[in-house]
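*Asks:* Curious how this folds, go ahead:
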Amino acid sequence: MIRSCLLAVSALALALPAAAQDGEARAREILRTTPLIDGHNDLPWALRQGYGSDPYAVDLTTNLDETTRLHTDIPRLRAGGVGGQFWSVYVPASLTPVDAAKATFEQVNVVRRMVAAHPETFELATTAEDVVRIHRAGRIASLMGIEGGYSIADSLGLLREFHEAGVRYMTLTHSRTTTWADSATDAPKWGGLSPFGEDVVREMNRLGMLVDLSHVSEETMIDAMRVSEAPVIFSHSSARGVTDHPRNVPDSVLRAMAGDGGVVMVTFVPGFISSAQVDWTKRLEAEAARLGVSPGGTPTDPRLTAWAEANPRPNATLTDVVAHIQHVREVAGIDHVGLGGDFDGISSLPEDVEGVDAYPRILAALMAAGWTEADIRKLAGENILRVMRVTEAVAASRAGERPSLAVLPAAGSPD
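*Replies:* Numbering: from 1, shown residues only. Sure thing, here's the model as predicted:
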């Protein structure tokens, strides 16, 4: 009897990897005809920080998993079935607005040079139809998104120039509240959007630029959805109903997505998707407060380091990623969920989601949980393509309007 049980367990252990491989193969087949479009990848910033903004300084045509800290390279993008990528042209919120604008234009140039360095793999895209055409040609559609409204230096003229340069979304804030919008992770100043912030959203609608609400406060989310004529997106956010973190989207906003028409692109950041990690961070901060030291990003005080060694940070997993995707689907609906990994913008990743080759594993896990092929196509790319088309249609309907000349009042500057 014992021998029979052992043989059964062994047979199951052998069958599970085979089933996973079959699921991944099925996912890759789906992605041959539906582009998987990821909402946020920070490779341009990683190139700036580690390689002098030189796309030739690292060989992206090779798998860099073992030789670098990068999550992204061409072999892994291909293995992951990625058909479209919003490259983030991120710069830090600590920069002055003028310096941020300059650095963001430099980041746009990094993306352009990276695409030019690998024309057999990448092609710049600015419309939904560009994405579809480029994917059909066997290349990866490369779009750009600004991460933080400080990059426009309170200038709608600069916003228009970024759009002209090919930028197709702007995250209204990053980690800090701006001169016109409240961040999720900073003290509020406006109770959402200021009047000038509303002007920014309207001008984005006129241009056909996606309004991205990752990083913003709940009040800013609500204001932006009220003001925007086009659907909004969350380029890289997860579900607060699963993990209580201010960077995640609350259920009240998820329920409003059906009426808005937008999409929440679930991110893989361990600190946003793992409740165990959120709890660990709170305990670390409490210990730091007891010791009278700063927790920082990584503990440096020997006493805090000793605490962290005795209390290891728990790992996030692929199961955590799936839980957030499932929750967004259950609350917002299948038409309002997407993927926005944040690869190369974070120092650690969930187990089994260590690079851009992870998408078939994620999709296979969802199919094993009952997702249909039609569901997978919506998650992978159809939902964000629909939002892009609606946003483009809104812009087309306003083509006769003159550019907004709104300016930030002098009294609107922060103290």
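
*Asks:* give the contact list for the most centrally placed residue in the chain.
*Replies:* Central residue of the chain (Cα atoms, centre = their mean): H236, 2.7 Å from the mean position. By Cβ atoms under 8 Å, 6 or more residues apart in numbering, H236 lies in contact with G39, H40, S214, M265, T267, V269, G340, G341, D342. C-beta here means a position set from N, CA and C on the backbone, and glycine is covered the same way.

*Asks:* what's the closest non-adjacent residue to E392?
*Replies:* The shortest distance from E392 to any non-neighbouring residue, by Cβ to Cβ, 6 or more residues apart in numbering, is to G208 (5.1 Å).

*Asks:* how about that neighbour, phi and psi?
*Replies:* phi 90, psi 30 (degrees, to the nearest 10).

*Asks:* just checking, it touches V394?
*Replies:* Yes: with contacts counted by Cβ atoms under 8 Å, G208 reaches V394, the gap being 7.1 Å.

*Asks:* Strands along the stretch 201-350 of the chain, start to end?
*Replies:* Secondary structure of the stretch 201-350 of the chain (DSSP state E, counting those that start in this stretch): strands at 210-212, 232-234, 263-266, 337-339.

*Asks:* Including distance to G81, mean pLDDT and mean neighbour count, could those strands go into JSON lines?
*Replies:* Shown next, in JSON lines, are the strands of the stretch 201-350 of the chain (distance: least, Cβ to Cβ, whole Å; pLDDT from 0 to 100; neighbours: other Cβ atoms under 10 Å):
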{"stretch": "strand 210-212", "distance to G81": "23", "mean pLDDT": "99", "mean neighbour count": "29"}
{"stretch": "strand 232-234", "distance to G81": "21", "mean pLDDT": "99", "mean neighbour count": "30"}
{"stretch": "strand 263-266", "distance to G81": "16", "mean pLDDT": "98", "mean neighbour count": "31"}
{"stretch": "strand 337-339", "distance to G81": "11", "mean pLDDT": "99", "mean neighbour count": "27"}
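
*Asks:* Among the ones you listed, which comes closest to A310?
*Replies:* strand 263-266 (32.6 Å; Cβ to Cβ).

*Asks:* partners of the closest one, with directions?
*Replies:* strand 232-234 (parallel), strand 337-339 (parallel) (DSSP bridges).

*Asks:* Redo these as JSON lines? Include distance to D223.
*Replies:* Output for those, formatted as JSON lines (distance: least, Cβ to Cβ, whole Å):
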{"stretch": "strand 232-234", "distance to D223": "11"}
{"stretch": "strand 337-339", "distance to D223": "22"}
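
*Asks:* which stretch among the ones you listed comes nearest R290?
*Replies:* strand 232-234 (35.5 Å).

*Asks:* is it true that A258 touches H336?
*Replies:* Yes: A258 lies in contact with H336 (Cβ under 8 Å); the separation is 6.5 Å.

*Asks:* Comparing these two, which shows the higher neighbour count?
*Replies:* A side-by-side neighbour count of A258 and H336, using other Cβ atoms under 10 Å, places H336 first with 25 against 13.

*Asks:* Contacts only, for M265.
*Replies:* 38-40, 233-237, 337-340, 384.

*Asks:* Give the bridge partners for it, please.
*Replies:* G338.

*Asks:* so, if you compare the contacts of M265, which one comes nearest to T319?
*Replies:* Nearest to T319 among the contacts of M265 is L339, at 16.1 Å by Cβ to Cβ.

*Asks:* Hmm, K378 and the closest one touching each other?
*Replies:* No: assessed by Cβ under 8 Å, L339 is found out of contact with K378, at 11.1 Å.

*Asks:* burial measure for A286, as a count.
*Replies:* Using other Cβ under 10 Å, A286 is surrounded by 11 other residues.

*Asks:* State the distance from it to M144.
*Replies:* 40 Å (Cβ to Cβ, to the nearest Å).

*Asks:* what do you get for H236?
*Replies:* For H236 relative to M144 (Cβ to Cβ), the value is 14 Å.

*Asks:* For P409, the count of nearby residues, please.
*Replies:* Neighbours of P409 (other Cβ under 10 Å): 12.

*Asks:* Over to it: give its phi and psi.
*Replies:* Backbone torsions of P409, given as degrees, to the nearest 10, read phi -60, psi 150.

*Asks:* residues touching it, list them.
*Replies:* Counted by Cβ under 8 Å, 6+ apart, P409 has contacts F196.

*Asks:* hmm, back to that, for the strands of the stretch 201-350 of the chain, please prepare TSV with the additional fields distance to L70.
*Replies:* Formatted as TSV, these follow (distance: least, Cβ to Cβ, whole Å):
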stretch	distance to L70
strand 210-212	24
strand 232-234	25
strand 263-266	21
strand 337-339	19
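
*Asks:* In contact with the nearest residue to H163 once chain neighbours are set aside: list those residues for me.
*Replies:* In space, and not counting its chain neighbours, H163 is closest to L207: 4.6 Å by Cβ to Cβ, 6+ apart. If a contact means Cβ under 8 Å, 6+ apart, then L207 has L159, R160, H163, A395 as its contacts.

*Asks:* count of neighbours near the last one?
*Replies:* Summarising burial for A395: neighbours were counted as other Cβ under 10 Å, giving 19.

*Asks:* go on, the third one?
*Replies:* The local packing count at H163 equals 20, with neighbours defined by other Cβ under 10 Å.
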